[in-house]
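Asker: need a structure here:
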Amino acid sequence: MNYWLVKSEPVKYPWEKFEKDKRTFWDGVRNYQARNNLQAMKIDDRVLFYHSNEGKEIVGIAKVVREAYQDPTTEDPAWVVVDLEPEQKLDKPVTLEQIKKDDRLNQIGLIRQSRLSVMLVKAEEFDIIVGLGSKE
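Answerer: As a prediction, this is how the structure comes out:
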């Protein structure tokens, strides 16, 4: 199993809407590296859901329920989507500020490649973030 992080602006698609929808395809990716990451996602991979721009925090965990297929919002075959379902909301959001201050997360893509919208996360990083987002 692999672990990922996807970004969404909460004004465009917040976690609460994702939970209400119960499933969505992750569209609009127009960066080749992010697209390659979508293509690498497999069923049951876990995905951290990050609110970008406003909030700048990881708010929940999703899972991949359908692997990459043609993005239905474009006719260009270069772009793909995956289907995600919400798995659980974190007890408390994990902010970008917290992540930057945690030495265990100093190599996470969210810091190193801050503009990338879909990125691989190491299993250890995933576990640390889930721990930070759990009730103490």
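
Asker: give me the buried positions along the lowest-mean-pLDDT helix or strand in the chain.
Answerer: Taking mean pLDDT, DSSP states H and E as the measure, the helix or strand of the chain with the lowest value is helix 109-112, at a mean of 94. In terms of neighbour count (16 or more other Cβ atoms under 10 Å), helix 109-112 has its buried residues at G109, L110. Backbone N, C-alpha and C define where each C-beta goes, glycine included.

Asker: what helices or strands is that helix leaning on?
Answerer: Packing partners of helix 109-112 (3 or more Cβ pairs under 8 Å, 6 or more residues apart in numbering; DSSP states H and E): helix 96-101, strand 118-121.

Asker: now the first one: buried residues?
Answerer: To tie it back to what came earlier, the one meant is helix 96-101. So for helix 96-101, counting by 16+ other Cβ under 10 Å, buried means L96, Q98, I99.

Asker: distance check, the last one against K63.
Answerer: I99 sits 21 Å away from K63, taking Cβ to Cβ, to the nearest Å as the criterion.

Asker: likewise the first one?
Answerer: Applying Cβ to Cβ, the value for L96 to K63 is 23 Å.

Asker: so which residues of this structure form strands?
Answerer: Counting by DSSP state E, residue ranges of the strands within the chain are 3-8, 24-25, 46-51, 57-70, 80-95, 118-121.

Asker: hey, which of those is tucked in deepest?
Answerer: Each of the strands of the chain was assessed for mean neighbour count using mean count of other Cβ atoms under 10 Å. The highest is strand 46-51, with a mean of 23.

Asker: direction included, what does it pair against?
Answerer: Taking DSSP bridges as the criterion, strand 46-51 pairs within the sheet with strand 3-8 (parallel), strand 57-70 (antiparallel).
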